[in-house]
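# Sequence and computational prediction follow.
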Amino acid sequence: MAPTEHVPGQSFAEPVVVTAGSSDPAAPLVVLLHGRGADERGIIGLADVLPDGNAYAAVRAPIAEGGGFAWFANRGIGRPVAASLAATTAWFRLWLDIAAPAGRPVVLVGFSGGAALAGGLILAEPGRFAGAAILYGTLPFDAGLPTEPGQLAGLPVFVAQGDQDTVIPRDLLDRTWDYLLSQSGALAQAHRDDGGHGLSPTAARALTDWLGELTATTTGAST
């Protein structure tokens, strides 16, 4: 499939998706969103340690970059170009609405750049999702999305960060942490350890526990 330039408004190619877990079309769908310069093949392995009973789908970002793929153009690390993020979000939602029609619970799990996409999706339409995990990344602040107090009221969110993360700017990590745990109104669960920019074993266990509890309560619920 030919690479697609990230020109806002340009049509991207059809998504490349790999799946794992349950094949039941009613099972909660957990969408795994990889980081910048990676692809769907790396993050699908996370499904091996996440709870059974869910359907897992890892989606490849649409913009070829650095031997891998990216979700949006950046103004700087962790700072998406608003028009580029909007174009990718629209493309992703076309796929999602087919993969998970209304009534099927959808949980987003985004790492690094994928966390920014997941954050943008829940900020734009929090009622569409059963929950989201923001892993070692930042919400897409200043990208034209609503970040008013209470924007994520009642939405289950898991956030994980490493104190030694030198990839994502610390001011953005701190802003994400503070917003999700206080101003957003989300039902937030947080994990922080002394690691760097990568999912630590303790964070993986905390994510697994959170996701297991969440999908057990959302099975059969409307999104």
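Received, thanks. Numbering: from 1, shown residues only.
# Let me know the next secondary structure element after the helix or strand bottoming out on mean pLDDT in the chain.
Every helix and strand of the chain was ranked by mean pLDDT, DSSP states H and E. The lowest is strand 74-76, at a mean of 85. Proceeding N to C from strand 74-76, the next assigned helix or strand is strand 79-80, under DSSP states H and E.
# What are the contacting residues of that following strand?
Strand 79-80 has contacts (C-beta atoms under 8 Å, 6 or more residues apart in numbering) with 71-74, 116, 120, 140-143, 172. C-betas here are computed from N, CA, C, even on glycine.
# and which of the residues you listed is nearest to residue 89?
Distance to residue 89, by C-beta to C-beta, is smallest for residue 120 among those, at 5.8 Å.
# quick check, that closest one in a strand?
No - counting by DSSP: H, G, I helix; E, B strand; the rest coil, residue 120 is not found in a strand; it is helix.
# mind checking pLDDT for it?
What the model reports for residue 120 is a pLDDT of 98.
# In CSV, list the contacts of strand 79-80 along with secondary structure.
Shown next, in CSV, are these (three-state DSSP):
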residue, secondary structure
71, coil
72, coil
73, coil
74, strand
116, helix
120, helix
140, coil
141, coil
142, coil
143, coil
172, helix
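# Mind giving me the PyMOL select for the residues you listed, buried ones only?
The buried residues among those can be selected in PyMOL (16 or more other C-beta atoms under 10 Å) with this line:
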select buried, resi 71+72+73+74+116+120+140+141+143+172
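# tell me which of the contacts of strand 79-80 is nearest to residue 183?
Nearest to residue 183 among these, with distances taken as C-beta to C-beta, is residue 141, at 11.9 Å.
# Residue 207 and residue 158 touch, don't they?
Yes - using C-beta atoms under 8 Å, residue 207 makes contact with residue 158 at a distance of 6.0 Å.
# what's the overlap in contacts for the two?
133, 135, 191.
# Which of the residues you listed fall in strands?
133, 135, 191 (DSSP state E).
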